[in-house]
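Sequence and predicted structure are below.
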Amino acid sequence: MSPATGGTEVRVGVVGGGISGLSAAYFLHRQLPQAQVVLWEASARLGGALHTQRVEGYCVEAGADMFITVPPWAVELCKELGVELVGTNPQGQGAYVVHRGQVVAVPEGFAVMMPTRVLPLLSTPLLSWKGKLRLLAEPLIPPRQEMSDESLASFAIRRLGQEAFERLVQPLVAGIYAADARRLSMQAALGRFVQMERRWGSLAAAWWHTQRDSFLGRAAGARYGLFVAPRKGMSGLIQHLADALPPDSVQLNAPVLQIRPYESGWQVQLPNQQHQVDALVLALPAWQAARLVKPWAGKLAQLLQSIPYGSAAVVCAAVEEQHLEQKPRGFGFVVPECEGRRILAASFSSVKFPHRAPQGGLLVRIFIGGSRLEHLLELPDDQLAQVAWDEVASLCRWKVQPRWIRVYRWDRAMAQYHVGHLERVHQIRQELARWPRLALAGNAYEGVGVPYCIHSAQQAAQRLAQALQGHKKPVPAEPR
Ligand SMILES: Cc1cc2nc3c(=O)[nH]c(=O)nc-3n(C[C@H](O)[C@H](O)[C@H](O)COP(=O)(O)OP(=O)(O)OC[C@H]3O[C@@H](n4cnc5c(N)ncnc54)[C@H](O)[C@@H]3O)c2cc1C
């Protein structure tokens, strides 16, 4: 008997079979073991933006390819499910950035957006002397007095100077979000830096007081040591989650067309089927959730719709290392907007995680799209692949053509946290309070990365378990 449900069977529905929806189904099943959990996924496969393919011995990640270990939500879930994780290759660390057509190392100690070591900064060719001095003057810049949100560009230019913003912060930070740095919300995406400035007056002072031993260490650029991936690929996590659910919990090729309040729960309309559930999770991109709630919750729909989404493509290519004129350096590189190139970044996937390529092979992942380059996504696959490869080949001084190349498109898949995002999410939560048996999960609200999606699912499951507390359904009469 489930204490939360009073022992009578409840049905809970989950719309969307990406990492958020599957995690929500998993947490619901754990919290309400007597409840029947049903997940509807529109497409023919589970996983959404987590999709691993095997191509000629390569382990290819079409979407997300690793996740951060702090906060630990994803790692904890993997532990619980028995998913084997591997860390990034300790040999090949170091981030690179394109500078005047060359691939140049990010100065050691420059992590996320903070210089923590002076000597490597002084010797980097990435900044002029003026730019370096301005960056080193960060502790002298008075903190902002206003409490309102501001963009990444505004924060970084104010504290670190225009040059450090353009050459380091924009590609290293905005690149991760495929976002426009002039719109990306500091409070939503990088709130801890806002807190550092408020509490300590400058990033340097904050680092000195709090972070220097543990947080940043000697890292450069992205803190790669904090990232892991499932050994069998991101789809391995999806498979473990699906396996942990009771049989028949998941329906594929099952697009939910409509939902509406029904008695104390919800009526869910699919092509040729209708279901009644007591509670429902919408684990969808916000614009897709907006469509479903619009007929009976106009304001909620409007708020959800106002969260913008960006599109991108991941182009994966395999080459044989022996044919490369120059060895790849580090785990890849990011490309500042001011370089005017047609890609955002490239990562050497099999250097980062060596098990991803057969002996002698190199797997390259190239990112295209984001707000500035979205027009390129109109190109057909073969042309898009060629643009991506030409850019990487010219930057790495390679003449070879890849052994194979594949294009994976992610249309309106990346939530953009624009200035004011936290306020919008607060309003969404307020509006949602009117429907206690409805929960939202996904990348639109409190973090785009995999761990944050998992956490959003955990919170959604908790909300519904609470709402269903003491729920009693009429017990059907025993058949005679
Ligand atoms: C290219 C790319 C690279 C990324 N890289 C990383 C990374 O390296 N590390 C990291 O931590 N994060 C990364 N992210 C972010 C992270 O992968 C995503 O935020 C996360 O996977 C989103 O999961 P989700 O379940 O919320 O949404 P989705 O993965 O979008 O899943 C939503 C699911 O809902 C289904 N659906 C839609 N409408 C309906 C309907 N009406 N009925 C039923 N089903 C429906 C869709 O088919 C889909 O399967 C990346 C994202 C992208 C796009």
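Right, received. Where do you want to start? Numbering: from 1, shown residues only.

Quick check: phi and psi on residue 309?
Phi and psi for residue 309, reported as degrees, to the nearest 10, are phi -130, psi 140.

Next: residue 380.
Dihedral angles (degrees, to the nearest 10) for residue 380: phi -70, psi 160.

and if you look at residue 363?
phi -110, psi 120.

my guess is residue 285 contacts residue 412, does it?
Yes: assessed by Cβ atoms under 8 Å, residue 285 is found in contact with residue 412 at 6.5 Å. For glycine as for every other residue, the C-beta is placed from the backbone atoms N, C-alpha and C.

ok, those two, which is more surrounded?
Neighbour count, other Cβ atoms under 10 Å: between residue 285 and residue 412, residue 285 has more, with 24 against 14.

Now the common contact residues for residue 285 and residue 412.
Common contacts of residue 285 and residue 412 (Cβ atoms under 8 Å, 6 or more residues apart in numbering): residue 309.

can the helix or strand bottoming out on mean pLDDT in the chain be found next to the ligand?
One helix or strand of the chain scores below all others by mean pLDDT, DSSP states H and E: helix 175-177, with a mean of 75. No: against the ligand, helix 175-177 shows no contacts by Cβ under 6 Å from any ligand atom, the least distance being 8.5 Å.

gap between that helix and the chain center?
9 Å (Cα atoms, centre = their mean, to the nearest Å).

Enumerate the residues of the stretch 201-350 of the chain near the ligand.
255, 256, 283, 284, 285, 288, 312, 314.

could you list every residue that touches the fourth one?
Which is residue 284. 15, 16, 21, 292, 442 are the contacts of residue 284 under Cβ under 8 Å, 6+ apart.

Then the fifth one?
Residue 285 is in contact with 309, 412, 413, 415, 442, 443, 444, counting by Cβ under 8 Å, 6+ apart.

Then residue 315?
365, 366, 367, 368, 384, 385, 388, 389, 405, 406, 407, 408.

For the first one, grab the count of nearby residues.
Translated: residue 365. Neighbours around residue 365, by other Cβ under 10 Å: 24.

Quick check: beta-bridge partners of it?
residue 316, residue 347 (DSSP bridges).

do you know how far it is from residue 317?
8 Å (Cβ to Cβ, to the nearest Å).

Name the nearest residue to the residue in the stretch 251-400 of the chain positioned nearest to the ligand, sequence neighbours excluded.
Minimum separation of the stretch 251-400 of the chain from the ligand (Cβ to the nearest ligand atom) falls at residue 256, amounting to 3.8 Å. Ranked by Cβ to Cβ, 6 or more residues apart in numbering and with sequence neighbours excluded, the top spatial neighbour of residue 256 is residue 15, at 4.7 Å.

nearest to residue 277, of the contacts of residue 285?
residue 442 (18.6 Å; Cβ to Cβ).

Need phi/psi at that closest one.
phi 140, psi -170.

Check the gap between it and residue 31 for me.
19 Å.

between those two, who's got more neighbours?
residue 442 (28 against 19).

quick one: contacts for the more buried one?
Here residue 442 is in contact with 16, 18, 20, 282, 283, 284, 285, 286, 289, 415, 453, 456 (Cβ under 8 Å, 6+ apart).

and if we set it to 6 Å?
20, 283 (Cβ atoms under 6 Å, 6 or more residues apart in numbering).

And the contacts of residue 285, which of them are buried?
309, 413, 415, 442, 443, 444 (16 or more other Cβ atoms under 10 Å).

quick one: which of these is nearest to residue 228?
Once Cβ to Cβ is applied, the member of the buried ones among the contacts of residue 285 that ends up nearest residue 228 is residue 443, at 19.0 Å.

Is the closest residue to the closest one other than its chain neighbours bridged to anything, and to what?
Nearest non-adjacent residue to residue 443, counting by Cβ to Cβ, 6+ apart: residue 415, 4.8 Å away. Beta-bridge partners for residue 415, by DSSP bridges, are residue 309.

who touches residue 415 in this structure?
Applying Cβ under 6 Å, 6+ apart, the residues contacting residue 415 are 307, 309, 443, 444, 448.

residues in contact with the fourth one?
With contacts defined as Cβ under 6 Å, 6+ apart, the neighbours of residue 444 are 286, 307, 415.

and those as JSON lines, adding distance to residue 189?
Shown next, in JSON lines, are those (distance: Cβ to Cβ, whole Å):
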{"residue": "286", "distance to residue 189": "16"}
{"residue": "307", "distance to residue 189": "13"}
{"residue": "415", "distance to residue 189": "10"}
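
of the residues you listed, closest to residue 184?
residue 415 (11.3 Å).

Next, work out how far apart that closest one and the ligand are.
7 Å (Cβ to the nearest ligand atom, to the nearest Å).

Point out the other helices and strands that the least confident helix or strand of the chain packs with.
Using 3 or more Cβ pairs under 6 Å, 6 or more residues apart in numbering; DSSP states H and E as the contact test, no helix or strand touches helix 175-177.

Name the surrounding residues that touch the next helix or strand after that helix.
Next helix or strand after helix 175-177 toward the C-terminus (DSSP states H and E): helix 186-189. Where contact means Cβ under 6 Å, 6+ apart, the residues beyond helix 186-189 that reach it are 149, 150, 152, 155, 194, 417, 421, 422.
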